[in-house]
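Trainee: sequence first, predicted model second:
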Amino acid sequence: MKRAAVAVFSLVVMLVATTVQADPYGTAGCGLGSMIFGDEKGIVQIFAATTNGSSGTQTFGITTGTSNCADSGGGTDSAKAFIETNREAFSKDVARGQGETITNLSALAGCADPRAVGSTLQSSFEAIFPQGDSADTEVSRAVIDTLKAHPELACGLLG
């Protein structure tokens with residue numbers, strides 16, 4: 001009886017782990033929230049974002065490559081993936097010219113000064129987000145182009 005229970009428990013854990021790894025991020029981005037709630041649409045992403053924010057797993061995961069956050073070592077592809085994954089929070093930070101997503105993007109892109117990056121992106125907000133429904137790939141391309149167009153930002157990991 002005990003062996004059967006252990007076998008069933010093990011099977012459930014394996015299925016859950018496989019499901020978590022296969023699911024893409026929701027709008028809340030990576031972190032514990034994405035591991036719990038996956039990419040389910042709607043209000044559940046508020047709970048995922050709250051989980052990420054209150055547990056600190058998103059920042060830790062991005063830094064370490066854990067908590068459902070891929071660690072690719074930075075560069076253009078990593079910066080694009082980060083922008084696309086965290087688009088909602090990123091757009092708010094760009095509008096303010098500062099924030100956690102700008103700091104993290106600066107690290108991924110190898111930029112010298114996150115404050116200068118924030119200021120530059122804020123002044124380019126309309127070019128980066130020309131319409132509210134612009135595709136994530138268009139937004140990430142516009143951000144990378146903006147960063148590359150300003151050599152004073154010294155974003156050394158963008159190719």
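Mentor: Nice, I can see it. Residues are numbered from 1 along each chain as shown.
Trainee: quick one: low-confidence parts of the protein?
Mentor: Low-confidence segments of the chain (pLDDT under 70): 1-25, 62-68, 70-73.
Trainee: break this structure down into its structural domains.
Mentor: 2-64, 76-153 (automatic domain parsing).
Trainee: need these in JSON lines (columns: distance to Gly159 and mean neighbour count).
Mentor: (Glycine included, C-beta is placed from N, CA and C.) As requested, the domains of the chain are exported to JSON lines (distance: least, Cβ to Cβ, whole Å; neighbours: other Cβ atoms under 10 Å):
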{"stretch": "domain 2-64", "distance to Gly159": "20", "mean neighbour count": "15"}
{"stretch": "domain 76-153", "distance to Gly159": "5", "mean neighbour count": "18"}
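Trainee: any chance you could map the helices in this protein?
Mentor: 2-22, 32-37, 44-55, 57-64, 76-85, 87-96, 100-109, 114-123, 125-128, 136-148 (DSSP state H).
Trainee: output the shortest one as PDB, nothing but the C-alphas.
Mentor: So that's helix 125-128. Taking Å, rounded to 0.1, in the frame of the first residue of the first chain, the C-alpha atoms of helix 125-128 are listed here in PDB:
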ATOM      1  CA  PHE A 125       8.400  56.000 -25.600                       C
ATOM      2  CA  GLU A 126       6.200  56.900 -28.600                       C
ATOM      3  CA  ALA A 127       8.700  55.300 -31.000                       C
ATOM      4  CA  ILE A 128       9.000  52.100 -29.000                       C
END
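Trainee: now do that helix: which elements does it pack against?
Mentor: Counting contacts by 3 or more Cβ pairs under 8 Å, 6 or more residues apart in numbering; DSSP states H and E, helix 125-128 packs against helix 87-96, helix 136-148.
Trainee: before we move on, what about the third one?
Mentor: For helix 44-55, the elements it packs on are helix 32-37, judged by 3+ Cβ pairs under 8 Å, 6+ apart.
Trainee: CA atoms only: put the helix it packs on into PDB for me.
Mentor: Output in PDB follows, covering the C-alpha atoms of helix 32-37 (Å, rounded to 0.1, in the frame of the first residue of the first chain):
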ATOM      1  CA  LEU A  32       7.400  31.400  -8.900                       C
ATOM      2  CA  GLY A  33       4.200  32.900 -10.200                       C
ATOM      3  CA  SER A  34       4.800  31.500 -13.700                       C
ATOM      4  CA  MET A  35       5.600  28.100 -12.200                       C
ATOM      5  CA  ILE A  36       2.300  28.100 -10.200                       C
ATOM      6  CA  PHE A  37      -0.100  29.800 -12.700                       C
END
